[in-house]
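S.K.: take a look and give me a structure for this.
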Amino acid sequence: MSLEEKINADLKTAMLAKDEAAVRGLRAVKSAIIVAKTSGAGTTISSDDELKILQKLVKQRKESLDIYIGQQREDLRDGILCSGRC
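M.R.: Residues are numbered from 1 along each chain as shown. Predicted structure coming up:
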């Protein structure tokens, strides 16, 4: 099962469970994969490329968290840390 298939299955499960935080995260990953597939590189991407996409998304979230903490924006920080569960 490819990462994209796993994301789709997990997204369906999260939607049925009404887990909004998981749905938001999985949709972001799915969107990034779709963008990579349609960027002209072909219709398929390798598992290494999928892993690079995930690493990039994690890095973006960490950088955003550092900025929010530095600017004392607790509302935005909590949105990343709690993902709506707090």
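S.K.: and V23, what's its pLDDT?
M.R.: Reading off the confidence values, V23 has pLDDT 91.
S.K.: wait, it touches M15, no?
M.R.: Yes: using Cβ atoms under 8 Å, V23 is in contact with M15, at 5.8 Å. In short, each C-beta sits where N, CA and C put it, glycine included.
S.K.: so for those two, which residue has more residues nearby?
M.R.: Neighbours per residue, other Cβ atoms under 10 Å: of V23 and M15, the larger number sits with V23, 18 against 14.
S.K.: which other helices and strands does the longest helix anywhere in the chain contact?
M.R.: Scanning the chain for the helix with the most residues, using DSSP state H, yields helix 47-70. Applying 3 or more Cβ pairs under 8 Å, 6 or more residues apart in numbering; DSSP states H and E, one finds that helix 47-70 makes contact with helix 3-17, helix 20-37, helix 74-81.
S.K.: as CSV, these with distance to S64 would be great.
M.R.: Formatted as CSV, the helices and strands packed on helix 47-70 follow (distance: least, Cβ to Cβ, whole Å):
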stretch, distance to S64
helix 3-17, 21
helix 20-37, 12
helix 74-81, 6
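S.K.: buried residues, the worst-scoring helix or strand of the chain on mean pLDDT. List them.
M.R.: Within the chain, judged by mean pLDDT, DSSP states H and E, the helix or strand with the poorest mean is helix 74-81; its value is a mean of 75. The neighbour-count criterion (16 or more other Cβ atoms under 10 Å) identifies 77, 79 as the buried residues of helix 74-81.
S.K.: quick one: it to helix 47-70, angle?
M.R.: 150 degrees (axes from the mean of the first three to the mean of the last three Cα atoms, to 10 degrees).
S.K.: contact partners of helix 74-81?
M.R.: Applying Cβ atoms under 8 Å, 6 or more residues apart in numbering, the external contacts of helix 74-81 come out as 61, 64-65, 68-69, 86.
S.K.: just the buried ones from those?
M.R.: Y68.
S.K.: just send the contacts of helix 74-81 back as TSV, with pLDDT and distance to K52 too.
M.R.: Shown next, in TSV, are the contacts of helix 74-81 (pLDDT from 0 to 100; distance: Cβ to Cβ, whole Å):
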residue	pLDDT	distance to K52
R61	87	15
S64	88	19
L65	87	20
Y68	87	25
I69	88	26
C86	48	31
